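Trainee: Turn this into a model:
(2 chains)
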Amino acid sequence: MMKVFPAIIKELLTLVRDRAGLLVLFLMPAILVVVITLVQENILELTGQKNFKVLFLDSDQGGLGKLLREQLASGNLELVVQDAKQARVGDIEAAVANGEYQAGIVIPPGASRRFQKAAARLLQPDQGAARPQDSLVTSLYLFMDPAMMAGSRAAITGRLQNALAAIALEVKLSMLSKTMQAALDRLGVPPGSTPLANEKLAVLFRQPLLAVTENQVGGQSGGVPQYNPVQQNVPAWALFGMFFTAIPIAGSIIRERTSGVWTRLMTLPVSPLALFAGKAFAYIGVCFCQFLLIALIGIFLFPLLGLPAFIIATKLPAVLLALLLSSLAACGYGIFLGLACNSYEQASTLGATTVVAAAAIGGVMVPVYAMPHTMQRLSIISPINWGLDAIHALLLRGAALPAVYGDFGRLFLFFAVCAFLAWKLALTRQ
Amino acid sequence: MNHEKQWRPDRGASAVSAERLCKRYKNAPAPALNDLSLEVRQGEFYGLLGPNGAGKTTVISIIAGLVPPDYGTIRVMGMTFQKERNEIKRIAAVVPQEIGLYDKLTAIENLVFFGKICGIRGKKLTERVQYALEFARLTGHARSQVATFSVGMKRRLNLAVGLLGDPRLLILDEPCVGIDAQSRNLIHEQLTAINRRGTTIIYTTHYMEEAQQLCGRIGIIDNGRLIQEGTPVILLQQRGKANLEELFLDLTGKGLRDS
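Mentor: As a prediction, this is how the structure comes out:
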């Protein structure tokens, strides 16, 4: 054990003086996590957390536009109202088409008048038909950015239709209330004896009778952050960077093997296990520093860029254990690569390819649930997926430690298999 | 500072005893060693000569415990690797032909690391590191990274690392390759001094002049066999040759071995 410490110090000194290597280890995941998280804003769209910029042109200038603006004021639609005297429908269409705005709403001239007339006609005695009549419908124009995802389109359309339905309902209720009042007056019913003919009618109709109560699964709703690109990307790219340490570990072993260092070490009274343990401990420290850097970016930099902050307040010891096991797996793989490959070129090519592939199928670039079914099943073979799944389970689902024992076991088994193969190769190389 | 050894060699006793060593590497057309036996006595400066591919490095690797022989036995100071591997590693040091140093570390960091790996600690480590730096004439460059050293400085440090554990047996694989005359001369002087103090040295080289100057006894290997062994003077007299190079070419032929 006493020989592990000099091996750790030697490894750290070598690493600290390799500035290019350090840049790759720390800068690469840091840049990737910022860029990819910003690029992945579409996930915000998918999850309904993004504000959509919507142009609003009220060519009608009647009451309908005002009511619609009031209805759309809350929520995630950012209305940009255009001057009706200067803007034209074509301008709105062009601005949306070039992606400047996600949608454009145009209220055509005379829309309010037609709408009021249609509402009034609804309760006329000659409107007794039992089916909807197209002649009563007043159309508004909606332009959508063609490059927008289907989920976002549905979100905007849904908001607009809800707003229009609410306005229509208000007007219909008002009309109904007046009509009822007139009818009751004719019948001599005293005012206030029935709720059908006063302002209470609108309130009564607005009263919800059915509701959905959303519950957090896992029973840990308190303090568990919501899933968003930040919660996805911070641990994902940190794990990617951590597994990338396999390449410098392999490189350091290959340099030792191709120089006379390995020969010298094998003639000294030291076990290869102590030397590998020194490397592993040193790089586990590097892996934790990588995670710390990425987490700090998530916590402090992302809010400045308009993204949600990374939250890691819950289950910290279990998350640290997940990081330790992921680091062990990465180090084990690096040591195996260093002994299996005969040159740095081989190790860097094989290492980079396998780590990127493991990251891709492991849910780093695209969350596993968004992958095709076959790829979702394939993700189970990726050690990065085991680490990511465990961290997500702990941070997002509020899972207890036993829930991630499977992932922890797989990570440790991966390390053990890599270490065993490395040990056998070390004996062969000797 | 007194760096004199406590240990004294039992001159005449065996330092390395190799009996009927055979070794064939996987996919090799011919065996690297073919029934090779040799004996190196304690306190000897033994030169191992041979053309490229003759089997010198294989012999050294077997003596150092890096590779096991397919057949035959090897004893180092009377011990076998099967039973006393760690003890042998403590008393024997190998200086590889390649530079076995970390480029990114300074000279002193390399020495401290290898010293600790040898199990040396505390005051003794400080003394041995100081001795090694003086030996290599690198005291003024102790805190410079090895990457900035000349080939000669690296070779001297490479050798100095081998002396950290105060070995009873020092195995040197071409320690003077590619260095200038000054560094070579320094290494020769230092090795002679170490040998006089009792360290057994096994030395491989392609420089015949060097072998003639340094070694008390030489063994010439070819095709995995020991084809000649003795003191340079006696060998030259026996074969009627003026120098070791003539003798070597006479024994091993003038044809290229790696063409």
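Trainee: Against B:Tyr71, how distant is B:Gly78?
Mentor: 21 Å (CB to CB, to the nearest Å). Yep, even glycine has a C-beta here, placed from its N, CA and C like the rest.
Trainee: whoops, B:Ala142 was the one
Mentor: For B:Ala142, the distance to B:Tyr71 - CB to CB - is 46 Å.
Trainee: neighbours around the closest residue to B:Gly55 other than its chain neighbours, how many?
Mentor: Leaving aside its sequence neighbours, B:Gly55 sits nearest to B:Gly224 (CB to CB, 6 or more residues apart in numbering or on different chains; 4.4 Å). For B:Gly224, the neighbour count with other CB atoms under 10 Å in any protein chain shown is 22.
Trainee: for the one 5 residues further on, same thing?
Mentor: Residues near B:Glu229, counting by other CB under 10 Å, number 16.
Trainee: before we move on, the earlier item: neighbour-wise, which of B:Gly78 and B:Tyr71 wins?
Mentor: B:Tyr71 (15 against 12).
Trainee: Can you tell me the closest non-neighbouring residue to that one?
Mentor: Leaving aside its chain neighbours, B:Tyr71 sits nearest to B:Cys22 (3.9 Å; criterion: CB to CB, 6+ apart).
Trainee: ok, then the element right after the one helix or strand the one you found maps to?
Mentor: Per DSSP states H and E: B:Cys22 is located in strand B:14-23. Using DSSP H and E, the helix or strand that directly follows strand B:14-23 along the chain is strand B:33-41.
Trainee: Name every strand pairing with that following strand and say which way it goes.
Mentor: strand B:14-23 (antiparallel) (DSSP bridges).
Trainee: need the helix or strand of chain A with the lowest average pLDDT.
Mentor: helix A:41-46 (a mean of 56; mean pLDDT, DSSP states H and E).
Trainee: Tell me the first helix or strand C-terminal of it.
Mentor: Sequence-wise, the next helix or strand downstream of helix A:41-46 (DSSP H and E) is strand A:52-58.
Trainee: got a list of contacts for that next one?
Mentor: Under the criterion CB atoms under 8 Å, 6 or more residues apart in numbering or on different chains, residues A:65, A:69, A:72, A:76-82, A:84, A:87, A:89, A:92, A:95-96, A:100-107, A:143, A:152, A:155-156 lie in contact with strand A:52-58.
Trainee: With stretch A:329-339 instead?
Mentor: Under CB under 8 Å, 6+ apart, the answer for stretch A:329-339 is A:242-254, A:257, A:276, A:279-280, A:283-284, A:287, A:347, A:350-351, A:354, A:383, A:386-387, A:411-412, A:414-419, A:421-422, A:425-426, A:429.
Trainee: Please give the centre-to-centre distance between it and its chain.
Mentor: 31 Å (CA atoms, centre = their mean, to the nearest Å).
Trainee: C-alpha coordinates for it, PDB please?
Mentor: Extracted in PDB, the C-alpha atoms of stretch A:329-339 (Å, rounded to 0.1, in the frame of the first residue of the first chain):
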ATOM      1  CA  ALA A 329     -15.300   1.800 -14.400                       C
ATOM      2  CA  ALA A 330     -13.600   4.500 -16.600                       C
ATOM      3  CA  CYS A 331     -10.200   3.900 -15.000                       C
ATOM      4  CA  GLY A 332     -10.600   0.200 -15.300                       C
ATOM      5  CA  TYR A 333     -11.400   0.600 -19.000                       C
ATOM      6  CA  GLY A 334      -8.400   2.900 -19.400                       C
ATOM      7  CA  ILE A 335      -6.000   0.500 -17.800                       C
ATOM      8  CA  PHE A 336      -7.300  -2.300 -19.900                       C
ATOM      9  CA  LEU A 337      -6.900  -0.200 -23.100                       C
ATOM     10  CA  GLY A 338      -3.400   0.700 -22.100                       C
ATOM     11  CA  LEU A 339      -2.400  -3.000 -21.900                       C
END
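Trainee: near chain A, which residues of chain B?
Mentor: Contact residues, chain B versus chain A (CB under 8 Å from any CB of the partner chain): B:64-67, B:86, B:89-90, B:92-102, B:104-105, B:109, B:112-114, B:116-119, B:121, B:145, B:158, B:161-162, B:165.
Trainee: Kindly recompute the last result at 6 Å.
Mentor: For chain B, the residues in contact with chain A (CB under 6 Å from any CB of the partner chain) are B:64, B:66, B:86, B:89-90, B:94, B:96, B:98-100, B:104-105, B:113, B:116-118.
Trainee: Of these, which is the nearest to A:Val270?
Mentor: Closest to A:Val270 out of the residues of chain B next to chain A is B:Ile117 (4.9 Å), distances taken as CB to CB.
Trainee: residues in contact with that closest one?
Mentor: With contacts defined as CB atoms under 6 Å, 6 or more residues apart in numbering or on different chains, B:Ile117 is in contact with A:3, A:268, A:270.
Trainee: What is the end-to-end distance of stretch B:130-148?
Mentor: Using CA to CA, to the nearest Å, the end-to-end distance of stretch B:130-148 comes to 20 Å.
Trainee: and what of stretch B:219-235?
Mentor: Start-to-end, stretch B:219-235 (CA to CA) is 10 Å.
Trainee: any idea of the mean pLDDT in it?
Mentor: Here stretch B:219-235 scores 89 as its mean pLDDT.
Trainee: Over to stretch B:198-205?
Mentor: Averaging pLDDT along stretch B:198-205 gives 92.
Trainee: Just the ones of the contacts of B:Ile117 in strands?
Mentor: Using DSSP state E, no member of the contacts of B:Ile117 sits in strands.
Trainee: Keep only those residues that also lie close to chain B.
Mentor: Applying CB under 6 Å from any CB to these, those adjacent to chain B are A:3, A:268, A:270.
Trainee: Check which residues of stretch A:2-18 are buried.
Mentor: Neighbour counts over stretch A:2-18 (16 or more other CB atoms under 10 Å in any protein chain shown) mark A:3-4, A:6-15, A:17-18 as buried.
Trainee: Select from these every entry located in helices.
Mentor: Counting by DSSP state H, the part of the buried residues of stretch A:2-18 found in helices is A:4, A:6-15.
Trainee: Those also near chain B: which ones?
Mentor: Restricting these to those touching chain B (CB under 6 Å from any CB) yields A:6, A:10, A:13-14.
Trainee: What residues of stretch A:245-265 count as buried?
Mentor: Buried residues in stretch A:245-265, counted by 16+ other CB under 10 Å: A:245-257, A:259-265.
Trainee: what about that stretch and chain B, any contact?
Mentor: Yes. Interface with chain B: stretch A:245-265 contributes A:259-261, A:263-264 (CB under 6 Å from any CB).
Trainee: chain center to that stretch: distance?
Mentor: So, by CA atoms, centre = their mean, the centroid of stretch A:245-265 is 40 Å from its chain's centroid.
Trainee: Same check on stretch A:93-102?
Mentor: Average the C-alpha atoms of stretch A:93-102, do the same for its chain, and the two points are 25 Å apart (CA atoms, centre = their mean).
Trainee: and if you look at stretch B:118-128?
Mentor: With CA atoms, centre = their mean, you get 23 Å for stretch B:118-128.
Trainee: Contacts made by it with the rest, please.
Mentor: Here stretch B:118-128 makes contact (CB under 6 Å, 6+ apart) with A:268, B:115, B:164-165.
Trainee: Helices - which of those land there?
Mentor: B:Gly115.
Trainee: If you rank the contacts of stretch B:118-128 by neighbours, which is first?
Mentor: Busiest of the contacts of stretch B:118-128 [other CB under 10 Å] is B:Leu164, holding 25 neighbours.
Trainee: measure it to B:Ser144 for me?
Mentor: Counting by CB to CB - B:Leu164 and B:Ser144 are separated by 19 Å.
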